[in-house]
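Engineer: turn this into a model:
(one chain, ligands or ions: 2)
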Amino acid sequence: MSQLVVPTLREDPREAEVVSHKLLLRAGFIRRLAAGIYTYLPLGFRVLNNVSNVVRQEMDKAGAQEVFMPSLLPAELWKETGRWDMYGKELFRIKDRHERDFCLGPTHEEVITDLVRNAIRSYRNLPVNLYQIQTKFRDEIRPRFGLMRGREFMMKDAYSFHTSQEDLEKEYQNMYKTYCSIFERLGLKYRVVEADSGLIGGGFSQEFMVLADTGEEELFVCPKCDYAASRESAGVGEFRVADSQSTGTSKNALKEVHTSGTKTIEEVAAFLKTSPDKTIKTLIYETETGPVVALVRGDHALNEAKLKRVLGVQDLRLASEKVIEKVTKAPLGFSGPVGLKGIKIVADNCVPLIENGITGANKKDHHIMDVSYGRDYKADLIGDIRFALCSDVCPKCKKGKFDVLRGIEVGHIFKLGTKYSEKMKCVYLDENNQEKTMIMGCYGIGIGRTAQAAVEQSFDKDGIVWPMTLAPYKVAIIPVNSSIPEQMEVAEKIYSQGRGAGVAILLDDRELRAGVKLKDIDLIGIPIKVIIGKALKDGKVEIKLRKNGEVKLVPEDRAMDEIKALLA
Ligand code: ATP
Ligand code: MG
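Structural biologist: Ligands and ions are numbered 1, 2, ... in the order given. Model prediction:
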């Protein structure tokens, strides 16, 4: 301890919001260099390596092969899949001295697909699963919470290549089980949820979520069946038009009203003495296939990930005021579906059920009332395009109402299908010498985020309580008074026994008060303390556990056996 670089802090650092970030800073594990960019100090790097080692062991056991790809990636590959444009501002772009475009790798589908299309020709050499543990770069809009959302961070990413969907299915299940083993070995409480595939894309995907009240993600979990999904992808089991056959039934004629001064849905609803669920929120988006109009109930939130899926588009962004004026002939804030022509309209399942609805009149300062689906407007597509609420019914069993839990996404597994292999012509020759496109899966784990998630799940008023597998050192030996030679002698003896046995062990040889030393060791979160003090008169030392404070007095020459038993 007297030599270890572990700059602990007494005060909570101001830069940190969540407890795990505060503790990693206070306990001297990490230091910030710039927003979302961190140095791992000796303790932090040991924890990171503990996570990597478990991940590596389990991936190897599952039959995956480790590789190491570059971080500096040529733009050409990214242009092949269209992601050079699609990835947007999250991609760190650079030019070399010849003005050629490069980026810093945020994920490696293009690179691995390029490798495999050149390295593998025959069905005989498939399937393969290749992985790496490597630094990733993403220019996140809001880097925060320390290692949780960095701009430079460590990830394990794996990519598998197959000759059939069934084969991919098998490997996907293999990876699912491998991830369960990894997070169990790391001592984490987690749930697996159905997820949106985001920028990586492809078909089905699932996320591994470490449960924590401060987690950024919401998990929608059905209490009546096994359905669980992220907020982004949780389906809504109610209100299907087909189920109810109902469309609006208002008998009153359409009525245009002046709503001057009202801006928000709430204000409009209050002004017209009704509630937001009677209003139709009309949003105009631009996509790669042109503008579209999306409708959701005024009290619901449109889910862009779902809208993308329903429309089958990749590029979706809110339209500029110019486009809105062109489409609706009115300024922003007064859009509505009635009378719109020559533009695709998508409605959420709940929208056609609104009776006597209220919506923008496509005219400045005006809305219309008593709007009815079918009579006054129609949608080209009706589907689930809103975020689920906890009052919604499970889309699987149609019985349970969602419980909402919070969590931290630590892993994500995808069935990519041919999304990358098709665009990049990653093909093989089958048994009949026919050229076929490879089918892919991909599987990521955030190494640093997992380490920090463990802290978020396991701490107390004194500091971090590391699960054994993750702890940077498993044991700390603390002579209560370092100036007493007998205490130091026994301490040194147990220390060298531990090192000899390959135990990650720390000796607190600092000439400080016992209270100060214990405080630091507890802040750091070492699972087992060997305290050498008064009881040494009777030849005994104290062995104390961090997680529950349990103490045991043992003869000093039995201390190492006791430690080994605890570690086993
Ligand atoms: P998020 O939705 O949190 O941004 P993502 O869906 O973009 O994550 P993936 O592309 O699936 O993440 O990356 C795989 C894993 O890498 C994630 O499950 C997460 O553990 C980790 N990860 C992603 N982004 C970051 C980041 N900015 N900092 C640290 N870890 C990250
Ligand atoms: Mg992301």
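
Engineer: is any part of the top strand by length along the chain close to ligand 1?
Structural biologist: Longest strand in the chain by number of residues, with DSSP state E as the criterion: strand 403-417. Yes: for a cut-off given as Cβ under 6 Å from any ligand atom, strand 403-417 has contacts with ligand 1, namely Glu409, Val410, Gly411, His412. Bear in mind the C-beta positions are built from the backbone N, C-alpha and C, glycine included.

Engineer: just the CA coordinates of that strand, formatted as CSV?
Structural biologist: In CSV, the C-alpha atoms belonging to strand 403-417 read as follows (Å, rounded to 0.1, in the frame of the first residue of the first chain):
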residue,chain,number,x,y,z
ASP,A,403,-43.5,-3.8,-14.1
VAL,A,404,-40.8,-1.2,-14.9
LEU,A,405,-37.3,-2.0,-13.6
ARG,A,406,-34.2,0.0,-14.1
GLY,A,407,-30.9,-1.4,-15.4
ILE,A,408,-27.6,-0.9,-17.1
GLU,A,409,-27.0,-2.5,-20.5
VAL,A,410,-23.8,-4.5,-20.3
GLY,A,411,-24.2,-6.9,-23.2
HIS,A,412,-26.0,-7.1,-26.5
ILE,A,413,-26.4,-10.1,-28.8
PHE,A,414,-27.7,-9.7,-32.4
LYS,A,415,-28.9,-12.0,-35.1
LEU,A,416,-27.6,-9.9,-38.0
GLY,A,417,-28.6,-12.2,-40.8
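
Engineer: and the helix or strand that comes right after that strand, what does it pack onto?
Structural biologist: On the C-terminal side of strand 403-417, the nearest following helix or strand under DSSP states H and E is helix 419-423. Using 3 or more Cβ pairs under 8 Å, 6 or more residues apart in numbering; DSSP states H and E as the contact criterion, the secondary-structure elements in contact with helix 419-423 are helix 75-81, helix 109-119, strand 439-446.

Engineer: switch to 10 Å and redo it
Structural biologist: Contact partners of helix 419-423 among helices and strands, from 3 or more Cβ pairs under 10 Å, 6 or more residues apart in numbering; DSSP states H and E: helix 75-81, helix 109-119, strand 152-162, strand 435-437, strand 439-446.

Engineer: quick one: mean pLDDT for the longest strand of the chain?
Structural biologist: If you average the pLDDT over strand 403-417, you get 95.

Engineer: next, the angle from it to strand 152-162.
Structural biologist: Our comparison of strand 403-417 with strand 152-162, counting by axes from the mean of the first three to the mean of the last three Cα atoms, to 10 degrees, yields an angle of 50 degrees.

Engineer: chain neighbours aside, what residue packs nearest to Arg231?
Structural biologist: What sits nearest to Arg231 in space, not counting adjacent residues and going by Cβ to Cβ, 6 or more residues apart in numbering, is Glu218, at 4.0 Å.

Engineer: same question, Thr274
Structural biologist: The shortest distance from Thr274 to any non-neighbouring residue, by Cβ to Cβ, 6+ apart, is to Ile358 (6.6 Å).

Engineer: helix/strand/coil for the one you found?
Structural biologist: When the structure is reduced to helix, strand and coil (DSSP: H, G, I helix; E, B strand; the rest coil), Ile358 reads as strand.

Engineer: residues near it, how many?
Structural biologist: The number of residues packed around Ile358, counting by other Cβ atoms under 10 Å, is 27.

Engineer: is it bridged to anything, and to what?
Structural biologist: As for beta bridges, Ile358 partners with Thr279 under DSSP bridges.

Engineer: which residues touch it?
Structural biologist: By Cβ atoms under 10 Å, 6 or more residues apart in numbering, Ile358 lies in contact with 255, 257, 259, 265, 268-269, 271-272, 274-276, 278-280, 298, 336, 367-371.
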